[in-house]
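> This is a predicted model, with the sequence first.
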Amino acid sequence: MTDGEEPRVMIITGRVWREGDSTPENVHVLLVAPDDDTAVTMALEALAEEGYAEAELDQIGELEGAPDEEPHRSAWQGAVDGEIAIVSFDAED
């Protein structure tokens, strides 16, 4: 990354479960990492710290610029600032 260039923000999508809960939540994890393997490891550690006991990660990709809508816009900014941002929402039937 050079001066003035935005960091590479990655997004990981999947489902997570809390201990003893059979209902999954969908999750999007936004973070900056040097490679896919590191991103997955960092995401799993952050999810565990937030109390998720199980995770099934489906896809990983790179966002091209800041999303237009919340909550992903704030999550993207958090990732740019060095945080691991977790956006969770109920799984649809």
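That came through fine.
> partner residues bridging Val9?
Val32 (DSSP bridges).
> correct me, but it touches Val29?
No. With contact defined as CB atoms under 8 Å, Val9 does not reach Val29; the gap is 10.7 Å. Heads up, the C-betas are built off the backbone N, CA and C, glycines and all.
> Among these two, which residue is more densely surrounded?
Comparing Val9 with Val29 by other CB atoms under 10 Å, the one with more neighbours is Val29, at 27 against 23.
> List phi and psi for that one.
The phi/psi pair for Val29 (degrees, to the nearest 10) reads phi -110, psi 120.
> Check what contacts stretch 69-81 and list those residues.
Stretch 69-81 has contacts (CB atoms under 8 Å, 6 or more residues apart in numbering) with 6-7, 9-10, 28, 30-32, 63, 66-67, 84-87.
> and which of these is nearest to Glu56?
Minimum distance to Glu56 across the contacts of stretch 69-81 is 13.4 Å, recorded for His28 (CB to CB).
> quick one, what contacts the closest one?
Residues in contact with His28, defined by CB under 8 Å, 6+ apart, are Ile11, Ile12, Thr13, His72, Ala75, Ile86, Val87, Ser88.
> That concludes my questions; thank you for your assistance.
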